[in-house]
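Visitor: any chance you could fold what I've pasted below:
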Amino acid sequence: MSVINKNKISLGVGNIEFGEYTDDVFGVFEDVGAVKARVNINIEREVLDFETGRPLVTIIQEVIRERVTFSATLAELNMATLKMALGQGVVGSGSIPTFLDGTSTALRGTLQAGKTSVLSGTLLKFGGLPSHAFIGLRFTHSMASGKRNIFEGYRASPTGRLALPFNETDWNIYDVEFRLLADTCRPAGEQYFQLFQEAVAAIPPCP
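Guide: Residues are numbered from 1 along each chain as shown. Below is the predicted model of the structure:
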């Protein structure tokens with residue numbers, strides 16, 4: 001029976017960062033906030049068999065298609081994060097919106113009567129542009145040993161689906177999903193992502 005290496009057993013989620021491209025150069029990565037429940041990296045390789053002979057036998061396989069998707073459940077509602085998760089939108093900070101009734105007042109949202117003025121905040125406007133932006137994506141996961149797994153997707157493109165639930169009796173969390181695009185400026189075999197596993201703990205584990 002093999003001995004279990006407890007330093008390789010992982011539990012917990014970690015941190016996600018989004019990095020915005022400007023002229024094909026990454027801006028500063030930004031922590032998108034708390035992650036809840038799960039991060040999933042799905043890798044698919046479609047393999048084609050070459051068969052020959054009697055009976056037919058497979059003598060070679062080649063990959064004809066690769067797909068990589070990244071999905072996560074986020075707990076913090078952030079306008080800049082939503083813009084990146086949608087692949088489009090205009091974000092303004094220090095804004096006071098004008099609503100459809102021509103005012104800047106709104107209901108309290110707590111079922112109490114009356115309206116109050118809306119204070120300064122962040123405003124996301126969305127819709128009507130065909131362009132679709134991609135981002136850089138980094139996920140850092142800390143194991144119980146203090147060592148980290150760090151995943152970095154070079155060109156993460158939003159899938160175009162985003163649900164924003166507002167629940168009465170549960171936490172409001174929302175799912176984001178990205179399809180990774182190949183960065184063809186990189187060598188073949190290295191175009192989607194890199195995954196690094198730390199050999200030495202960044203933070204000494206508790207005894």
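Visitor: immediately after the helix or strand of the chain with the lowest mean pLDDT, which helix or strand?
Guide: In the chain, no helix or strand scores lower on mean pLDDT, DSSP states H and E than strand 25-26, which sits at a mean of 70. Following strand 25-26 in sequence order, the next helix or strand is strand 30-31 (DSSP states H and E).
Visitor: tell me which strands that following strand pairs with, and in which orientation.
Guide: strand 15-22 (antiparallel) (DSSP bridges).
Visitor: for the strand it pairs with, buried residues please.
Guide: 15-20 (16 or more other CB atoms under 10 Å). C-beta coordinates here come from the backbone N, C-alpha and C atoms, glycine included.
Visitor: just the CA trace of that strand, in PDB.
Guide: Coordinates of each C-alpha in strand 15-22 appear next as PDB, following Å, rounded to 0.1, in the frame of the first residue of the first chain:
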ATOM      1  CA  ASN A  15      -8.400  33.900  -5.100                       C
ATOM      2  CA  ILE A  16      -9.200  34.900  -8.700                       C
ATOM      3  CA  GLU A  17      -7.700  37.800 -10.500                       C
ATOM      4  CA  PHE A  18      -8.800  39.400 -13.800                       C
ATOM      5  CA  GLY A  19      -6.400  41.300 -16.000                       C
ATOM      6  CA  GLU A  20      -7.600  43.600 -18.700                       C
ATOM      7  CA  TYR A  21      -5.900  43.900 -22.100                       C
ATOM      8  CA  THR A  22      -5.000  47.300 -23.500                       C
END
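Visitor: from the chain's centroid, how far away is that strand?
Guide: 9 Å (CA atoms, centre = their mean, to the nearest Å).
Visitor: and stretch 5-25, by the same measure?
Guide: On CA atoms, centre = their mean, the centre of stretch 5-25 falls 9 Å from that of its chain.
Visitor: what residues does it touch?
Guide: 26-32, 35-39, 72, 74, 81, 84, 133-145, 147, 149 (CB atoms under 8 Å, 6 or more residues apart in numbering).
Visitor: mind checking which of these are buried?
Guide: 29-30, 32, 35-36, 39, 72, 74, 81, 84, 134-143, 145, 147.
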